[in-house]
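Participant: Quick one: sequence and predicted model below, then my questions.
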Amino acid sequence: MLEKDSEGIAYGNAHYEWGQFDPEAYFQQYYGEPHADDDRVACLTVDVLKRALPEGNELEVVDVGTGPNLIPFFCAAPRARRLTAWEFAESNIAWLEAELKGSALRPQWQHFWGTVRSAYGAGWSLPDDPLPALRERCAITQGSIFDLPPRTWDAATMFFCAESITKRDDEFDAACTAFARCVRSGGTVAAAFLVSSEGYVVADHEFPALRLSAEAIEAVFKPHLDEIVVTPIGIVDREIRSGYSGQVFLSGKVR
Ligand SMILES: C[S@@+](CC[C@H](N)C(=O)[O-])C[C@H]1O[C@@H](n2cnc3c(N)ncnc32)[C@H](O)[C@@H]1O
């Protein structure tokens, strides 16, 4: 995978063909067979969002770089009045809109919704089918992570975005900063990051990833968050799916 231009400068977000991102191929590749690591991330996200402030079920929540993934919506829906998907690629936006309009949950989403319901546990009366509530509460917005408005949401989630959209450290920094700052002071962030990835291929198109350690990810968030918790998940020394050999989950409270 080429990482740099002829002058040795690492490729940034604008270099990649996001318009060619194939959502259905991505869905099948990464979520076609539900993986235990994603169950674990869903449970950790629920655990964090359950305790998010302010109390009650009126949170405004954003998920950044949602792509073809409904898990962040499932995790946030029980606590949220409004859910925003902040996604860059038109193809992913169209796919998300169609997925929410669907008459039935795909088996994979049934699996992950089951995981989320169990993670919320007794005392939460959650429906068998989350789609009607999601249709009511979700807004899908086309936007770049670098343009997130500051101090707008009570909580933000992000799964495999800031480190999976660029080969440039300064862009990763800027993306994480914008992500943390889009949440009001005292609000909550929860995010998952690929570790040790060189990039990934979806339907023959190459997309980037930064090779990161758990320490490097935590360091980027330290200026913005209190109560940081970092949890490594399923890190192995081989690729399980394109560009995936484990992840790091991070949560914290925005300063
Ligand atoms: C590796 S995928 C992650 C998708 C999904 N969140 C998941 O958990 O599987 C990276 C996502 O970032 C999106 N993306 C690329 N550039 C972006 C940007 N500048 N701002 C926001 N999202 C971007 C891509 O379209 C894609 O949906």
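Facilitator: Structure's in. What do you need? Residues are numbered from 1 along each chain as shown.
Participant: What's the nearest residue in this structure when you look at the ligand?
Facilitator: residue 67 (2.6 Å; CB to the nearest ligand atom). From N, CA and C alone the C-beta is placed, and that goes for glycine too.
Participant: OK, contacts around that residue?
Facilitator: Listed by CB atoms under 8 Å, 6 or more residues apart in numbering, the contact set of residue 67 reads 21, 23, 26, 87, 89, 92, 159, 160, 161.
Participant: Residue 187 belongs to a helix?
Facilitator: No - when classified by DSSP: H, G, I helix; E, B strand; the rest coil, residue 187 is found to be strand rather than part of a helix.
Participant: so it touches residue 156, yeah?
Facilitator: Yes - between residue 187 and residue 156 there is a contact under CB atoms under 8 Å: 7.5 Å.
Participant: about what we covered before: of the contacts of residue 67, which are in range of the ligand?
Facilitator: Within the set of these, contact with the ligand (CB under 6 Å from any ligand atom) is found for 21, 87, 89, 92, 159, 160, 161.
Participant: which residues touch residue 219?
Facilitator: Counted by CB under 8 Å, 6+ apart, residue 219 has zero contacts.
Participant: likewise residue 15?
Facilitator: Residue 15 touches residue 208, counting by CB under 8 Å, 6+ apart.
Participant: repeat that for 10 Å
Facilitator: 2, 5, 9, 166, 167, 168, 208 (CB atoms under 10 Å, 6 or more residues apart in numbering).
Participant: can you check residue 165 too?
Facilitator: Here residue 165 is in contact with 12-14, 16, 18, 65, 88, 144-146, 171-172, 175, 207-210 (CB under 10 Å, 6+ apart).
Participant: ok, and it, which helix or strand is that part of?
Facilitator: Element membership for residue 165, per DSSP states H and E: none, as it lies in no helix or strand.
Participant: The contacts of residue 15, buried ones only, as a PyMOL selection?
Facilitator: With 16 or more other CB atoms under 10 Å as the criterion, this PyMOL line picks the buried residues out of the contacts of residue 15:
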select buried, resi 166+167+168+208
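Participant: how far is stretch 178-186 from where the chain is centred?
Facilitator: For stretch 178-186, the separation from the chain centroid amounts to 15 Å (computed by CA atoms, centre = their mean, to the nearest Å).
Participant: Please disregard the earlier target; I meant stretch 128-138.
Facilitator: 19 Å.
Participant: from here on, count from 44
Facilitator: I'll keep to 44 as the first residue from here, and by that count the last item is stretch 171-181.
Participant: Now do the helices in the chain.
Facilitator: 66-74, 79-93, 114-119, 133-144, 150-163, 174-180, 212-224, 257-264 (DSSP state H).
Participant: packing partners for the third one?
Facilitator: Which is helix 114-119. helix 79-93, strand 102-107, strand 123-130, helix 133-144, helix 150-163, helix 174-180, strand 196-202, strand 226-237 (3 or more CB pairs under 10 Å, 6 or more residues apart in numbering; DSSP states H and E).
Participant: Low-confidence regions, the stretch 44-193 of the chain specifically.
Facilitator: Along the stretch 44-193 of the chain, the model assigns pLDDT under 70 to residues 44-45.
Participant: What residues does it have near the ligand?
Facilitator: 56, 61, 64, 73, 108-110, 112, 130-132, 135, 187-189.
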